[in-house]
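Enquirer: sharing a model that was predicted from the sequence below.
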Amino acid sequence: MVIVCGTDLTQASFEAARAAAALGARVRTPVHLVHVVDFPLDAELDEVDRARGGPWRELFEPELRRRRELLEREAERLSRCGARIETRVVSGIPEHALVVCARELQAQLIAIGSHGRRSSSAWRLGSVADRLALSSPLPVLIVQSAAPFQNWSDRPGNGRALRVVYGADFSAAAGAAAEWVAQLKTAGPCEILAAHVCEPESEARRLGIAERDGVSAGDVEHSVSEVWRQRLDERVGRTRVVLARSDSGASVAEQLTDLAQAEWADLIVIGTHQRRGLSRHWHGSVSYAVLPIAATNLVLVPSPSQAVLDARPIPRVRRVLAVTDLSEQGNRAVAHAFSLVPRGGQVTVMHVVQPMVPLATPYGDFIPVPCSAPADLAREQREAELKLSGLAPHDLAELGVEFRVDVARATDIPEAVCQRAEQLGADVVCMATHAHGAVATALLGSTAQGVVRRCNRPVLLIGPTQVN
């Protein structure tokens, strides 16, 4: 990893340089100190301008020499911490020049102080950090204090883990931020706290927790936190999850920064969609709102570009949820589910029992249905579980795949399937379709279509057996 650190030779930028040097020494990567001047350098003048530029060079050459000397002295001081420091002076608009340098050097991070300004009137248009947050294709580290990075250590008896608050949600930007946090953990010990701002009731409905009897609000919040913790443990390692209510009156940015301050966090990591203009005002921007109020170091990770998405490795399938109605056609989904999972994976076979519901009459009344005795329900549950267990392949031990069965009772089968997929963290939902005609589908509905419309995860549909 290469780090580009922008400096305007102020105290705030020197603080950013110390943080970048400490991080560079930690991950054993070079740090490039880049100073951007707002006048053209001699090497950038064409022949005509060079002939006319004698007075110009006499005027600005002493100032340029002074800035180079300051930059070299700062690089010499920073190199004492063990980092390899290189310097570069370029001209142009700071945020654009830093991005160009980062691309030329194939850097993975841009570091900058929190108070860098383009000019005396920059308060009207925002700081360089603001503009980088909106335009940089690379993660941007906005430094408030270098001390956490300088004290970051894993030496026995002198360990100092980096305390990181990560803003978690379902967006691609948050996924990119999670990957960045996972890379940071490889450099040294980190304590990760994932903050997810949501409405617990809607999360409980999505996971099917709210429908359980005797479940309190605290139980719901704990269950939602556990699902998020399991989800994040796979991506960033051991994580503590804190849920914050979206209807608390405070904005998401305020809740994130308040939580970071309460937890004495060293770093906040959030994804950014880099929305601009009306889009930012219409949809909002948490990252842009965090910038002026964050009292600690901040990393903004942009959403991955389409080129990056295309270059990502093929997703691994580890857990598959196979849904069957216990018919011959429905059971075909189980075999296809096992064909997707490698050794060490998991296949859960699910069957949903639809209980009888009261029928409505044209006059607004309901025709009641007899309630099943608990013993009958338990017997029905065991019989369904035995049938599902019989669908396991004979060579299950040789496949090395964990096999589970799940029998649920629900009036809305697609919703129950989607909720179970979320609870399991399934990589793929596999189910068969009976391919009813248009009339039958319109009258009776299609479970497969309902799952495809509602599920947030890939769904593999197995068509009917072809008859020759």
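Expert: Arrived safely, thanks for sending. Numbers count the residues shown, from 1 in each chain.

Enquirer: now do the buried residues in the longest helix seen in the chain.
Expert: For the chain, the longest helix by residue count, based on DSSP state H, is helix 54-78. Using 16 or more other Cβ atoms under 10 Å as the test for burial, helix 54-78 gives 60, 64, 67, 71, 74, 75, 78. In this view, the C-beta of every residue, glycine as well, is placed from N, C-alpha and C.

Enquirer: what's the closest of the residues you listed to residue 168?
Expert: Residue 168 lies nearest to residue 78 out of the buried residues of helix 54-78, by Cβ to Cβ, at 33.6 Å.

Enquirer: can you tell me which residues contact that closest one?
Expert: By Cβ atoms under 8 Å, 6 or more residues apart in numbering, residue 78 lies in contact with 17, 18, 21, 31, 33, 85.

Enquirer: so which elements touch whichever helix or strand the second one is part of?
Expert: In this structure, residue 18 sits in helix 11-27 according to DSSP states H and E. The elements that helix 11-27 packs onto, with contact taken as 3 or more Cβ pairs under 8 Å, 6 or more residues apart in numbering; DSSP states H and E, are strand 3-6, strand 31-37, helix 54-78, strand 109-113, strand 140-143, helix 147-150.

Enquirer: of those, which shows the lowest average pLDDT?
Expert: Among those, helix 54-78 carries the lowest mean pLDDT, a mean of 81.

Enquirer: what's around residue 342, how many residues?
Expert: The burial count assigned to residue 342 is 11, neighbours taken as other Cβ atoms under 10 Å.

Enquirer: so for residue 42, what's the pLDDT?
Expert: 60.

Enquirer: hmm, who's touching the helix holding residue 18?
Expert: 1, 3, 5-7, 30-31, 33, 74, 78-79, 81-85, 109, 111-116, 141, 143-146, 149-150, 152, 187-188, 297.

Enquirer: only alpha carbons, please: show it as PDB.
Expert: The C-alpha trace of helix 11-27 is given here as PDB (Å, rounded to 0.1, in the frame of the first residue of the first chain):
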ATOM      1  CA  GLN A  11       0.200  22.700  11.700                       C
ATOM      2  CA  ALA A  12      -2.900  20.700  10.800                       C
ATOM      3  CA  SER A  13      -1.200  19.200   7.700                       C
ATOM      4  CA  PHE A  14       1.900  18.300   9.700                       C
ATOM      5  CA  GLU A  15      -0.400  16.400  12.100                       C
ATOM      6  CA  ALA A  16      -1.700  14.500   9.100                       C
ATOM      7  CA  ALA A  17       1.800  13.800   7.900                       C
ATOM      8  CA  ARG A  18       2.700  12.400  11.300                       C
ATOM      9  CA  ALA A  19      -0.300  10.100  11.200                       C
ATOM     10  CA  ALA A  20       0.500   9.000   7.700                       C
ATOM     11  CA  ALA A  21       4.100   8.300   8.600                       C
ATOM     12  CA  ALA A  22       3.000   6.200  11.700                       C
ATOM     13  CA  LEU A  23       0.600   4.300   9.500                       C
ATOM     14  CA  GLY A  24       3.200   3.900   6.800                       C
ATOM     15  CA  ALA A  25       5.700   2.500   9.300                       C
ATOM     16  CA  ARG A  26       3.100   0.200  10.600                       C
ATOM     17  CA  VAL A  27       2.200  -1.400   7.300                       C
END
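
Enquirer: quick check: next helix or strand after the lowest-mean-pLDDT helix or strand in the chain?
Expert: Lowest by mean pLDDT, DSSP states H and E among the helices and strands of the chain is helix 438-444, with a mean of 43. Note on helix 438-444: by DSSP H and E, the next helix or strand toward the C-terminus is helix 447-454.

Enquirer: any buried residues in that following helix, and which?
Expert: 447, 448, 450, 451, 452, 454.

Enquirer: just checking, what packs against the helix or strand that it is followed by?
Expert: Sequence-wise, the next helix or strand downstream of helix 447-454 (DSSP H and E) is strand 459-462. Under the contact criterion of 3+ Cβ pairs under 8 Å, 6+ apart, strand 459-462 touches helix 328-340, strand 428-432, helix 447-454.
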